[in-house]
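1. Next one to model:
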Amino acid sequence: FAGPRVVKDTTGKDLPEGFQKSEFLLEHGFIDFISHRKDLKEKINQLWTLSGETIIRIASEYDETHGAPVFTVNGKYATRGWTEWTHGFQFGSAVLQFDAVDDNQFIDLAKRQVLDKMATHFSHTGVHDHGFNNLSTYGNLLRLMHEGKIPHNEWEAHFYALAIKISGAVQASRWTDLPEGGFICSFNGPHSLFVDTIRSCRILVSSHLMGHTLHVEGDRKISLLERAMQHIQATAKYSIYYGEGRDHYDIWGRTAHEIIFNTNDGQFRCPNAQQGYTGFSTWTRGLAWGMLGFTEELEALELINKYELTNLGGFDKLQEMMLKGAKATCDFYIEHTPSCGVTYWDTGAPNLHKLGDYLDRPADPYNDWEPVDSSAAAIGAQGLLRLGNYLRKKGQKEAGDKYWKAGLTVFNSLLQEPYLSTDTNHHGLLLHTIYHQPNGWDHIPKGSKIANGESCMWGDYHLRELALYVQKIIAGDPYYQFTNCIKQ
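-> Below is the predicted model of the structure:
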């Protein structure tokens, strides 16, 4: 990852024209050096060792009376009273740890935590994150039972399935109608569409596949599949920019965190940023949620009866829409991320220009100007890998290889320092994450000018999920996707 001059001086070889420029990386893929599965397996094994230690450390040291742990301050998890949206990642991490290493202490811990704390999450009407919290816990537990990883118990399976069914219906009830379709509104209110929420559509799809519907006044039944597809379409239409039509002035794949609508008539008003710099820049974690959300729903679309999709536009139209959103967001990530694959917190952050040619070298989490957000990288990497895998299966090997290599580049960077924490006193696993830069919530260590060195619960969870995804592919295990909680 050294610069072209250093590489040339070290190797004594002439380098290809444009070496390490973003255009070169896009054409050739970020890397091609991960060829030995043994090397990657050793790094993943180290991650699980460190991961297990942090899960136990948090369980023994964190005071749960303070609320859900959200992010670290001086290496210790702290809470932030916005919403209790991180319990699912905390308890789900123990489930993933068990799946990876087959140590019963983690599944026992997860079950106790879920039973104690998760009931309010699947009945919560005021949030947009059911697919984050409840599939990370109930969904993964039910998946393990279907896969034979934990003993089958009929009533326990019904308990997990009931939670998923109710959660899907509750999430679908948080709805804003548009002239064409509608969307699950964010916790900001009925005017607000978050790009994040595309990943909550997983819970609607799962609930639908379990045969559930939302019942409202007069016993009117509302299809959860219909609401999921309408929300995904709204996200693709309003949150993602393609450089055409309404967005002719903009570029392919730019993503707005929040979209504002007039609730009187459902008309689009403007893009906005809740956690990004502006509505006309790209908050990279929001981008990453889009990357992963579109690709996961593409995979799920293959499992849905095509007849059920007829009145929703049909399989071909929905696939085209999702694939366009997935490619646009993933392409934007590749084009606007440093050579290591780990991104800064917003691609339009006001001081990025002071870093010079920052895209042509690895990200620097200790710089003086703008923070890195490795949690966006952990989420986005899974989207890149899933899109690469999807295209390969469709016979598009060259296109698939581009995204697959990019995803492995990001993953490889996160598996080592400065991102993977080896500090036995730190509560976190993934370092250099950002929660809310505009609000100034992230800890700036003494002697630094920007936030760095801290972890967050969603970053830690998604690094684990990314590792489990790759580990299962290396081992030839069943492909890991959210619909595995549905008994086939």
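
2. Glu147 and Pro478 touch, don't they?
-> Yes. The pair Glu147 and Pro478 passes the contact test of C-beta atoms under 8 Å, sitting 6.5 Å apart. Quick note: C-beta positions are derived from backbone N, CA and C, even for glycine.

3. Mind listing the shared neighbours of the two?
-> With contacts defined as C-beta atoms under 8 Å, 6 or more residues apart in numbering, the residues shared by Glu147 and Pro478 are Asn484.

4. how near is Gln319 to Phe132?
-> In this view, Gln319 and Phe132 are 24 Å apart by C-beta to C-beta, to the nearest Å.

5. Neighbour count: those two, which is higher?
-> Neighbour tally, Gln319 and Phe132, criterion other C-beta atoms under 10 Å: the higher count belongs to Phe132, 26 against 17.

6. Let's verify the more buried one: helix, strand, or coil?
-> At Phe132, secondary structure determined by DSSP: H, G, I helix; E, B strand; the rest coil is helix.

7. Now do the same contact list for it.
-> With contact taken as C-beta under 8 Å, 6+ apart, Phe132 is in contact with 85, 88-89, 199-200, 458.

8. do the same with Gln90
-> Each residue near Gln90 by C-beta under 8 Å, 6+ apart is listed here: 58, 68-69, 113, 457, 461.

9. now swap in Trp175 and tell me
-> When contacts are counted by C-beta under 8 Å, 6+ apart, Trp175 is found next to 182-185, 227.

10. Can you tell me which of the contacts of Gln90 end up in helices?
-> For the contacts of Gln90, membership in helices holds for 58, 113, 457, 461, with DSSP state H as the criterion.

11. which intervals of this structure have sub-threshold pLDDT?
-> 1-37, 81 (pLDDT under 70).

12. Break down it into its strands, ranges please.
-> 71-73, 76-78, 175-177, 182-184, 192-194, 214-216, 220-222, 258-262, 267-272 (DSSP state E).

13. Specify the stretch among these that is closest to Glu297.
-> Shortest separation from Glu297 across those is recorded for strand 182-184, at 13.5 Å, computed as C-beta to C-beta.

14. Partner strands of the closest one, with direction?
-> Each strand that strand 182-184 pairs with, and the sense of that pairing, follows from DSSP bridges: strand 175-177 (antiparallel).

15. ok, of the contacts of Phe132, which come out buried?
-> Neighbour-count burial (16 or more other C-beta atoms under 10 Å) applied to the contacts of Phe132 gives 85, 88-89, 199-200, 458.

16. closest to Gln437 among those?
-> With C-beta to C-beta as the yardstick, the closest approach to Gln437 among those comes from Trp458, at 15.2 Å.

17. so who does the closest one touch?
-> With contact set as C-beta under 8 Å, 6+ apart, Trp458 has these partners: 86, 89, 132, 375, 379.

18. And for the closest residue to the second one other than its chain neighbours, the neighbour number?
-> Okay, so that is Phe89. Counting by C-beta to C-beta, 6 or more residues apart in numbering, Tyr461 is the residue found nearest to Phe89 once chain neighbours are left out, at 3.7 Å. Residue crowding around Tyr461 was assessed by other C-beta under 10 Å; the count is 26.

19. now do the one 10 residues further on
-> Burial of Gln471 is recorded as 19 neighbouring residues (other C-beta under 10 Å).

20. Next: Gly266.
-> A count of nearby residues for Gly266, using other C-beta under 10 Å, gives 17.

21. Rebuild the contacts of Trp458 as JSON lines, extending it with distance to Leu352.
-> Converted to JSON lines, the contacts of Trp458 look like this (distance: C-beta to C-beta, whole Å):
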{"residue": "Thr86", "distance to Leu352": "28"}
{"residue": "Phe89", "distance to Leu352": "28"}
{"residue": "Phe132", "distance to Leu352": "29"}
{"residue": "Ser375", "distance to Leu352": "18"}
{"residue": "Ile379", "distance to Leu352": "20"}
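
22. Just those residues: which are in helices?
-> Of the contacts of Trp458, the ones assigned to helices by DSSP H are 89, 132, 375, 379.

23. Let me know whether Phe122 touches Ala169 as I believe.
-> No. The pair Phe122 and Ala169 does not pass the contact test of C-beta under 8 Å, sitting 9.7 Å apart.

24. Using CSV, list the CA coordinates for stretch 311-324.
-> The C-alpha trace of stretch 311-324 is given here as CSV (Å, rounded to 0.1, in the frame of the first residue of the first chain):
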residue,chain,number,x,y,z
ASN,A,311,-48.5,-6.8,-9.0
LEU,A,312,-45.4,-5.2,-7.6
GLY,A,313,-43.8,-4.6,-11.0
GLY,A,314,-42.6,-8.2,-11.6
PHE,A,315,-39.3,-9.9,-10.9
ASP,A,316,-37.4,-8.5,-13.8
LYS,A,317,-38.2,-4.9,-13.0
LEU,A,318,-37.5,-5.3,-9.3
GLN,A,319,-34.2,-7.1,-10.0
GLU,A,320,-33.2,-4.3,-12.4
MET,A,321,-34.0,-1.6,-9.9
MET,A,322,-32.1,-3.3,-7.0
LEU,A,323,-29.1,-4.2,-9.2
LYS,A,324,-28.8,-0.6,-10.4
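
25. Report the buried residues of that stretch.
-> 312, 315, 318-319, 321-324.

26. the helices in the stretch 151-300 of the chain, which residues?
-> Assigned by DSSP state H, counting those that start in this stretch, the stretch 151-300 of the chain shows helices spanning 154-173, 201-209, 224-234, 284-301.

27. between these, which one is nearest to Leu193?
-> Nearest to Leu193, of all the helices of the stretch 151-300 of the chain, is helix 224-234, at 6.2 Å by C-beta to C-beta.

28. Name the residues that touch that closest one?
-> Contact partners of helix 224-234, identified using C-beta under 8 Å, 6+ apart, comprise 168-169, 172, 175, 178, 181-184, 193, 197-198, 201, 204-205, 207-208, 212-214, 293-294, 297, 304, 308-309, 311-313, 318, 321-322, 325.

29. Show the contacting residues for the most centrally placed residue in the chain.
-> With distances taken as C-alpha atoms, centre = their mean, Ile379 lies nearest the centre of the chain, 3.6 Å away. Under the criterion of C-beta under 8 Å, 6+ apart, the neighbours of Ile379 are 285, 288-289, 291-292, 458, 462.

30. now with 10 Å?
-> With C-beta atoms under 10 Å, 6 or more residues apart in numbering as the criterion, the residues that contact Ile379 are 196, 199, 284-293, 373, 410, 458-459, 461-463, 465-466.

31. Then Tyr403?
-> Taking C-beta under 10 Å, 6+ apart as the contact definition, Tyr403 lies against 29, 291, 295, 326-327, 330-331, 333-334, 383-392.
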